[in-house]
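K.L.:
Coordinates for the following, if possible.
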Amino acid sequence: MKNIVLIGMPGAGKSTVGVILAKVLGMNFIDSDLLIQKQEGMLLKDIIEKKGLQGYLAIENQVNRDIVADNTVIATGGSAVYCSEAMEHFRRTARVVYIRLSYDTIRNRLGNIKQRGVVFRDGQTLLDLYRERCPLYEKYAHIIIDAEGLDIEGVMQRIVREVTGK
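P.N.:
Numbers count the residues shown, from 1 in each chain. The predicted structure follows:
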């Protein structure tokens, strides 16, 4: 099976769903945020602090673009859609699945967003980020999963149905 790449806002459940999805489909699992942390030897928030927003996005683009995998579920960071090279690579090598949730659901799930290493520009709010990213998620997705009101299991089952036709 081709790779499956999960995209969506922080808090959409990409990593959590990804692990379970990989188990259910007998696939491998990669969390690209963890690859970035491993390569750089520091947490995402520290990379953003040290290298700035553009520096972080350059690293994210390089790490995602360089993923060579087969039969793998890849959970990306929410900002991966700013990395056009990486997203074009994913569109060629995988089914790109956007886990879509409402702004209110994302806001309620996030808690302390700064701890998560979320990529904000100065003065940007979560709502600004949501409005900026949603069209990008839709642009790159092969499949859009409306996850509103679904639990992790429900989201996972919907993705399985979409990618396998079962």
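K.L.:
What's the first helix or strand after the top helix by length along the chain?
P.N.:
Longest among the helix segments of the chain by residue count, using DSSP state H, is helix 44-65. Moving toward the C-terminus from helix 44-65, the next helix or strand (DSSP states H and E) is strand 72-75.
K.L.:
In terms of secondary structure, what does the longest helix of the chain contact?
P.N.:
Other helices and strands packing on helix 44-65, by 3 or more CB pairs under 8 Å, 6 or more residues apart in numbering; DSSP states H and E, are helix 32-40, helix 84-93. All C-beta spots, glycine's among them, are computed from the backbone N, C-alpha and C.
K.L.:
helices or strands next to the longest one in the packing?
P.N.:
Judged by 3+ CB pairs under 8 Å, 6+ apart, helix 84-93 is in contact with strand 3-7, helix 44-65, helix 126-140.
K.L.:
Swap in 7 Å and give it another go.
P.N.:
helix 44-65 (3 or more CB pairs under 7 Å, 6 or more residues apart in numbering; DSSP states H and E).
K.L.:
residues of the helix it packs on that come out buried?
P.N.:
With burial defined by 16 or more other CB atoms under 10 Å, the residues of helix 44-65 counted as buried are Leu44, Ile47, Ile48, Tyr56, Leu57, Ile59, Glu60, Asn61, Val63, Asn64.
K.L.:
separation between the fourth one and Ser102?
P.N.:
Tyr56 sits 27 Å away from Ser102, taking CB to CB, to the nearest Å as the criterion.
K.L.:
do the same with the third one
P.N.:
In this structure, Ile48 and Ser102 are 26 Å apart, going by CB to CB.
K.L.:
tilt between the least confident helix or strand in the chain by mean pLDDT and helix 126-140?
P.N.:
The element with the least model confidence among the helices and strands of the chain, by mean pLDDT, DSSP states H and E, is helix 103-110, at a mean of 90. Angle, helix 103-110 to helix 126-140, by axes from the mean of the first three to the mean of the last three CA atoms, to 10 degrees: 110 degrees.
K.L.:
Residues touching helix 103-110, excluding its own?
P.N.:
Helix 103-110 has contacts (CB atoms under 7 Å, 6 or more residues apart in numbering) with Met9, Pro10, Gly11, Ala12, Leu126, Leu127, Tyr130, Glu148.
K.L.:
Could I have the buried ones of these as PyMOL selection syntax?
P.N.:
Buried residues within those, as defined by 16+ other CB under 10 Å, are selected in PyMOL through the command that follows:
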select buried, resi 9+10+11+12+126+130
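K.L.:
okay, the contacts of helix 103-110 in TSV with pLDDT and distance to Asp31 next?
P.N.:
As requested, the contacts of helix 103-110 are exported to TSV (pLDDT from 0 to 100; distance: CB to CB, whole Å):
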residue	pLDDT	distance to Asp31
Met9	95	16
Pro10	91	13
Gly11	90	15
Ala12	94	14
Leu126	89	22
Leu127	92	26
Tyr130	95	22
Glu148	96	24
